[in-house]
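S.K.: Curious how this folds, go ahead:
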Amino acid sequence: MIKEENYSIQAKNLMEMIIEDCENSLMNFQRDSFLISEIKKLRFNINNRIRKISDLSELKTDLKSNTFKVIVYNTDYMEIITEQLNELSLDYKIEGQYIFIKKKALTFNQLLSIVDEIKKFETKNLTKCTKAKLEPVLRARNAVENDFIDQVISRETSKACEQIYLETESKIHELCENRIKKLLGKDLYKKYIDEVR
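M.R.: Reported below is the predicted structural model:
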């Protein structure tokens, strides 16, 4: 019979990977995300077929620039694209096959939609952590039933996995809150805490 608990190592490794992935993925939540998603929603009727903007052009963004660059594949589509941009009330400038769309300041509610996406992302990662915590606990229970380990080791596994989960949950929450703070800025974050939470 095995005398020491080592099942929780699996949970620890899985949760460390989840934290690392979470940290990297949170960088994708930017103020530009809202406008990019609005532009990507554009649909065009060409020859009785619905086309997305990505079928007609390529959208490029630079976080340091104050514009998005749309490279239109065929200048014949320029007019229908600009009509849709006008409906979104976006300022733009056309230079050859390029459309430079000026980034506009987002309203508090528009920023909250990005915050909602971050919160959904946080919940998704915490669900992954719950699964990572549960797997070694179930393995330990099966091992007890098959007389591979003692009940004491199974309890130790459960406690260790719960402790790892609590630490990971706290870290993921901290990462997401820091991203929200950075996204909103000091004043809007205070407003978010006071009004939304």
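
S.K.: Need the contact partners of stretch 94-103.
M.R.: Stretch 94-103 is contacted by residues 32, 35, 39, 57, 65-73, 75, 78, 81-82, 85, 90-93 when judged by CB atoms under 8 Å, 6 or more residues apart in numbering. Yep, even glycine has a C-beta here, placed from its N, CA and C like the rest.

S.K.: One more pass at 7 Å, please.
M.R.: With CB atoms under 7 Å, 6 or more residues apart in numbering as the test, stretch 94-103 has contacts from 32, 35, 66-72, 75, 78, 81, 85, 90-93.

S.K.: just stretch 66-85 next, same as before
M.R.: Counting by CB under 7 Å, 6+ apart, 42, 44, 53, 56-61, 92, 94, 97-103 sit against stretch 66-85.

S.K.: go again using 6 Å as the cut-off
M.R.: 42, 44, 56-61, 92, 97-103 (CB atoms under 6 Å, 6 or more residues apart in numbering).

S.K.: And the helix or strand harbouring Cys22, what does it pack against?
M.R.: Assigned by DSSP states H and E, Cys22 belongs to helix 8-26. Contact here means 3 or more CB pairs under 6 Å, 6 or more residues apart in numbering; DSSP states H and E; on that basis helix 8-26 packs against helix 108-145, helix 151-191.

S.K.: Quick check: buried residues in the shortest one?
M.R.: Of all the residues in helix 108-145, those buried under the rule 16 or more other CB atoms under 10 Å are 111-112, 114-115, 118, 121-122, 125-126, 128-129, 132-133, 136-137, 140-141, 143-144.

S.K.: again, but for stretch 145-163
M.R.: 149, 153-154, 156-158, 160-161.

S.K.: before we move on, back to that, of all the helices and strands packed on helix 8-26, which one comes closest to Ser8?
M.R.: With respect to Ser8, and counting by CB to CB, the nearest of these is helix 151-191 at 3.7 Å.

S.K.: Report the inter-axis angle for the closest one versus helix 8-26.
M.R.: On the basis of axes from the mean of the first three to the mean of the last three CA atoms, to 10 degrees, helix 151-191 is oriented at 20 degrees to helix 8-26.
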